[in-house]
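[1] From the sequence below, what's the structure:
(chains A and B)
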Amino acid sequence: EDQVTQSPEALRLQEGESSSLNCSYTVSGLRGLFWYRQDPGKGPEFLFTLYSAGEEKEKERLKATLTKKESFLHITAPKPEDSATYLCAVQAVGQAGTALIFGKGTTLSVSS
Amino acid sequence: DAGVTQSPTHLIKTRGQQVTLRCSPISGHKSVSWYQQVLGQGPQFIFQYYEKEERGRGNFPDRFSARQFPNYSSELNVNALLLGDSALYLCASGGGDSYGYGYTFGSGTRLTVV
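    Here you go, the predicted model:
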């Protein structure tokens, strides 16, 4: 069964304290791995898509990387406005349509 | 540019009632997907429609149904509501029907069943 697991569930950082969020996945055939940011009461906001092991993408203080079994979202020198829930999702061969399978997310809190 | 529009934003229904949620995708997008997000969990796939045809269905009971109209807007219907149907219902708009598209989500409809 295709599965996505994110860790940690919650992470508290001081402003400027860099860290990484983990997304491990088990799928029959990966078509794409997605990172989203979700603020309370809002829909997920698209950040990155990664397709193959070794791929990296960056956006401001965020950098996403992909291996054959997991993806990392690295946050460099975070600011309080980076506080949100970060969701990882995969598209896999054999899934209905082009459905996204989401993890439960990591809730990040950055204090000043 | 208008993003993905969902209505209503909030809804309170009684057990056993029926509800219809609406979604307008980004202009030019032909794919609409529906997700259910229970508090503290990630979104769970319900349906995908592309060019008015159902392309995928998640593991939800037959009480859940959906359709897509010629203008690509979509409705999600849930019959015989249960307390467990209380959740944030998200609509995702996509430009195509292939893998790899970064879907754009609406802000959702918060459904509370009492």
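[2] Would you mind naming what in chain A lies close to chain B?
    Taking Cβ under 8 Å from any Cβ of the partner chain as the criterion, chain A approaches chain B at residues A:4, A:31-32, A:34, A:36, A:41-46, A:49, A:51, A:87, A:89, A:91, A:95-105. Heads up, the C-betas are built off the backbone N, CA and C, glycines and all.
[3] Quick check: PyMOL command selecting the buried ones in the residues you listed.
    Only the buried members of the residues of chain A next to chain B end up in this PyMOL selection, burial being decided by 16 or more other Cβ atoms under 10 Å in any protein chain shown:
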select buried, chain A and resi 4+31+32+34+36+42+43+44+49+87+89+91+95+97+98+99+100+101+102+103+104+105
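[4] among the residues of chain A next to chain B, which are in strands?
    Residues from the residues of chain A next to chain B lying in strands, with DSSP state E as the criterion: A:4, A:31-32, A:34, A:36, A:45-46, A:49, A:87, A:89, A:91, A:101-102.
[5] Find the residue closest to residue B:58 in space, skipping its chain neighbours.
    If you skip the residues right next to it in sequence, residue B:58 has residue B:45 as its closest partner in space, 4.0 Å away by Cβ to Cβ, 6 or more residues apart in numbering or on different chains.
[6] now swap in residue B:12 and tell me
    Across the structure, with Cβ to Cβ, 6+ apart as the measure, the residue nearest residue B:12 apart from its sequence neighbours is residue B:112 (4.8 Å).
[7] in the helix or strand harbouring the one you found, what's buried?
    Assessed by DSSP states H and E, residue B:112 sits inside strand B:109-113. Of the residues in strand B:109-113, those buried under the neighbour-count criterion (16+ other Cβ under 10 Å) are B:109, B:110, B:111, B:113.
[8] so which of those residues are also by chain A?
    Restricting the buried residues of strand B:109-113 to contacts with chain A (Cβ under 8 Å from any Cβ) yields residue B:110.
[9] for the buried residues of strand B:109-113, which one is nearest chain A?
    Distance ranking of the buried residues of strand B:109-113 against chain A, using Cβ to the nearest Cβ, places residue B:110 first at 7.7 Å.
[10] thinking the closest one is in contact with residue B:13, fair?
    No - checked against Cβ atoms under 8 Å, the pair residue B:110 and residue B:13 is beyond contact range at 11.5 Å.
[11] Chain A versus the residue nearest the centre of chain B, what's the distance?
    The C-alpha lying nearest the average C-alpha coordinate of chain B belongs to residue B:34 (Cα atoms, centre = their mean; 3.0 Å). Using Cβ to the nearest Cβ, to the nearest Å, we find residue B:34 at a distance of 10 Å from chain A.
[12] Now do the contacts for residue B:67.
    For residue B:67, the residues meeting the contact criterion (Cβ atoms under 8 Å, 6 or more residues apart in numbering or on different chains) are B:49, B:52, B:74, B:75.
[13] try 7 Å
    Contact criterion Cβ atoms under 7 Å, 6 or more residues apart in numbering or on different chains gives B:74, B:75 as the residues in contact with residue B:67.
[14] mind checking pLDDT for residue A:31?
    Residue-level confidence at residue A:31 comes out at 89, pLDDT.
[15] Disregarding flanking residues, what is the spatial nearest neighbour of the residue of chain A found nearest chain B?
    Closest approach between chain A and chain B, counting by Cβ to the nearest Cβ: residue A:97, at 2.3 Å. By the measure of Cβ to Cβ, 6+ apart, the closest residue to residue A:97 outside its immediate chain neighbours is residue B:56, 2.3 Å from it.
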